[in-house]
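Chemist: Next come a sequence and a model predicted from it.
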Amino acid sequence: MQITINGVATDVDHHITVAALVSGRATERSRVAVAVNAEVVPRSQWDMAQLEPGDSIELLTATAGG
Amino acid sequence: MTTHQVVPALESEEATDPFLLAGETFTSRLLLGTGGVPSLEVLERAIVASGTQLVTVALRRVETSTSGGLLEVLDRCGVRLLPNTAGCMTAREAVLTAQLAREAFDTGWVKLEVIGDEHTLLPDPVELLDAAEQLVADGFTVLPYTSDDPILARRLADAGCAAVMPLGSPIGSGLGIRNPHNIALIREMVSVPVVLDAGIGTASDAALAMELGCDAVLLASAVTHARDAEQMALAMRHAVEAGRLAAGAGRIPRRWHAQASTPMQGRPDL
């Protein structure tokens, strides 16, 4: 199925969880935040949260700023 | 100037009196932003030289992030993270960004920025107050970057913000404090800490902020873009301490004409 990850259309396994997506793309699970369709997905729900076709995911971490 | 009334005189040997912010105690009154830093090595040296204990970070996409090692450096320095909402232009975006930062960094503290314009980077007061109210209701410790408008600062404090952080001049401009009178007025009008945020160009600007009665100074570009960031960080540390001490000591009144400090009495007839 196709979803959008950080603005890029991407093919992923059907009903992949947020946890699986994060572990494949972030070097560490900690200090990363995830929004799906502009809503925060708390870390405690990552294992249960299944993505749907067309979902828009923002995978965020710290950068220098401010 | 009446700043001597709000800054206590110092009795001990410590550099300055402790800085109390949202129930936490800091010995440093200098907050450092990490934006514009040329390398992580320079950042680490600057943080150490500045003596800061509170450092801002932004939240950005993992792919485009240039943060490799940033958090490790901040961990090593033992500083507390202050996530910001840089780049947000609406209350909705800023609230969501703050909530994501809370998830990522496990802190309810946020430097709230809601800008109204990409050219001036000046705060959008309407969206800022809206976002502040929402985040306070959500349990955040809200530290809003605001314009130097005393009435808006009071509204933000009344909304439950843990501090107000008025700009001296636009972000990254290095123009210093354009309206010192407003900064002093803000200090008089709110009971929460006042942190001068944005516009600092050099050490004397930071000292002036403290002399005006500010409780702390937040700066980034003045250090990260300086030819020698480490040395400027050290200068800022001393400037903030000197300004705080001077504010507590109480400056002399300004006079139109000179006043001799040496007595005329006993002058020899030559």
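Modeler: Arrived safely, thanks for sending.
Chemist: can you give me the strands in chain A?
Modeler: Under the criterion DSSP state E, strands of chain A are mapped to A:2-5, A:8-11, A:33-36, A:39-40, A:56-64.
Chemist: Mean neighbour count and distance to chain B added to those strands, as a markdown table?
Modeler: For glycine as for every other residue, the C-beta is placed from the backbone atoms N, C-alpha and C. Putting the strands of chain A into a markdown table (neighbours: other Cβ atoms under 10 Å in any protein chain shown; distance: least, Cβ to the nearest Cβ, whole Å) gives the following:
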| stretch | mean neighbour count | distance to chain B |
| --- | --- | --- |
| strand A:2-5 | 16 | 8 |
| strand A:8-11 | 10 | 8 |
| strand A:33-36 | 22 | 4 |
| strand A:39-40 | 14 | 5 |
| strand A:56-64 | 22 | 4 |
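Chemist: Now those in CSV, please, with extra columns for mean pLDDT.
Modeler: Compiled in CSV, these are given as follows (pLDDT from 0 to 100):
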stretch, mean pLDDT
strand A:2-5, 92
strand A:8-11, 92
strand A:33-36, 94
strand A:39-40, 94
strand A:56-64, 91
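Chemist: Switch these over to a markdown table; also include distance to residue B:135.
Modeler: Listed next are those as a markdown table, based on distance: least, Cβ to Cβ, whole Å:
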| stretch | distance to residue B:135 |
| --- | --- |
| strand A:2-5 | 27 |
| strand A:8-11 | 30 |
| strand A:33-36 | 16 |
| strand A:39-40 | 13 |
| strand A:56-64 | 18 |
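Chemist: can I assume residue B:152 sits in a helix?
Modeler: Yes. For residue B:152, which was evaluated using DSSP: H, G, I helix; E, B strand; the rest coil, the result is membership in a helix.
Chemist: how far away is it from chain A?
Modeler: Here the distance between residue B:152 and chain A works out to 20 Å (Cβ to the nearest Cβ, to the nearest Å).
Chemist: just residue B:37 next, same as before
Modeler: Distance check for residue B:37 against chain A: by Cβ to the nearest Cβ, it reads 5 Å.
Chemist: so where is chain B shaky, pLDDT-wise?
Modeler: Using pLDDT under 70 as the threshold, the predicted model of chain B has low-confidence ranges B:1-15, B:63-68.
Chemist: Up against chain A, what does it have?
Modeler: B:33-37, B:43, B:56-67, B:70-71, B:81-84, B:86, B:96, B:99-101, B:103-105, B:111, B:113, B:220 (Cβ under 8 Å from any Cβ of the partner chain).
Chemist: if we can go back for a sec, between the strands of chain A, which one is closest to residue B:210.
Modeler: Closest approach to residue B:210 among the strands of chain A (Cβ to Cβ): strand A:56-64, 25.5 Å.
Chemist: coming back round to it: any of the residues of chain B next to chain A buried? List them.
Modeler: Neighbour-count burial within the residues of chain B next to chain A applies to B:33-37, B:43, B:56-60, B:62, B:65, B:67, B:70-71, B:81-84, B:86, B:96, B:99-101, B:103-105, B:111, B:113, B:220; the criterion is 16 or more other Cβ atoms under 10 Å in any protein chain shown.
Chemist: Would you mind measuring from residue B:235 to residue B:51?
Modeler: From residue B:235 over to residue B:51 the distance is 12 Å, taken as Cβ to Cβ, to the nearest Å.
Chemist: typo on my end, residue B:124
Modeler: Taken as Cβ to Cβ, the spacing of residue B:124 relative to residue B:51 amounts to 33 Å.
Chemist: cool, and residue B:186?
Modeler: Computed with Cβ to Cβ, the distance linking residue B:186 and residue B:51 is 25 Å.
Chemist: These two - which one has more neighbours?
Modeler: Between residue B:186 and residue B:51, counted using other Cβ atoms under 10 Å in any protein chain shown, residue B:186 has the larger neighbour count: 26 against 19.
Chemist: Sticking with that one, tell me its helix or strand.
Modeler: Counting by DSSP states H and E, the element that carries residue B:186 is helix B:180-189.
Chemist: and stretch A:19-32, is it in reach of chain B?
Modeler: Yes. In this structure, stretch A:19-32 sits against chain B according to Cβ under 8 Å from any Cβ; the contacting residues are A:25-26, A:31-32.
Chemist: which residues sit in contact with residue B:209?
Modeler: Residue B:209 makes contacts with B:168, B:177, B:183, B:196, B:200, B:217, B:243, as judged by Cβ atoms under 8 Å, 6 or more residues apart in numbering or on different chains.
Chemist: need the contact list for the closest residue to chain B within chain A.
Modeler: Per Cβ to the nearest Cβ, residue A:65 is where chain A lies closest to chain B, at 2.8 Å. When contacts are counted by Cβ under 8 Å, 6+ apart, residue A:65 is found next to B:33-35, B:56-58, B:60, B:84, B:86.
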